[in-house]
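Visitor: Whatever this is, show me its structure:
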Amino acid sequence: MKKYSQQRFILDEQRICDNDVWEYIKSILLTKSNKWRYENECRFIFDGLKNKDLIIWYDHNDNPVIKLSNESIINCVYWGARVSSRNEKMIKI
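Guide: Numbers count the residues shown, from 1 in each chain. All right, here's what the predicted structure looks like:
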């Protein structure tokens, strides 16, 4: 999902209370500043409670690992400047 905004995120406790908390959190996590539009990044959130059949195993931190469909191809991964070599190696596995 790609969503961009001119506005910087501000924690608004009233909006959290007035809305579906899960939807509010998803909108925060899936929105980037317009300044980053050139990255053409896609983000997604996997709901393990609703998609248990897609979970194939759990990693050492108990995070679900899911099976992607054949149409879900990852073309490349870009590492951030501050990624640790430990995390880079872990992700490559």
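Visitor: hey, where'd the helices end up in the protein?
Guide: For the chain, the helices defined by DSSP state H cover 13-18, 21-29, 85-92.
Visitor: got the buried residues for the longest one?
Guide: Neighbour counts using 16 or more other C-beta atoms under 10 Å place residue 26 of helix 21-29 among the buried residues. C-beta: built from backbone N, CA, C; applies to glycine.
Visitor: Show residues contacting that helix.
Guide: The contact list for helix 21-29, computed with C-beta atoms under 8 Å, 6 or more residues apart in numbering, reads 3, 9, 15-16, 43, 45.
Visitor: Just the buried residues of the residues you listed.
Guide: Of these, not one counts as buried by 16+ other C-beta under 10 Å.
Visitor: Quick one: the strands in the chain, in order.
Guide: Applying DSSP state E to the chain gives strands spanning 3-5, 31-33, 55-58, 64-66.
Visitor: any idea how far the residue lying closest to residue 46 once chain neighbours are set aside is from residue 57?
Guide: Residue nearest to residue 46 in three dimensions, not counting chain neighbours: residue 66, with 5.9 Å by C-beta to C-beta, 6 or more residues apart in numbering. Note on residue 66: its distance to residue 57, by C-beta to C-beta, to the nearest Å, is 9 Å.
Visitor: Same check on residue 22?
Guide: Counting by C-beta to C-beta, the gap from residue 22 to residue 57 is 25 Å.
Visitor: Can you give me every residue that contacts residue 46?
Guide: 54, 64, 66.
Visitor: Quick one: buried ones out of those?
Guide: Applying 16+ other C-beta under 10 Å to these flags residue 64 as buried.
Visitor: nearest to residue 35, of the contacts of residue 46?
Guide: residue 66 (30.5 Å; C-beta to C-beta).
Visitor: count of neighbours near residue 10?
Guide: Residues lying near residue 10 (other C-beta atoms under 10 Å) number 6.
Visitor: From here on, call the first residue 3.
Guide: Noted, 3 is the first residue going forward, which turns the last one into residue 12.
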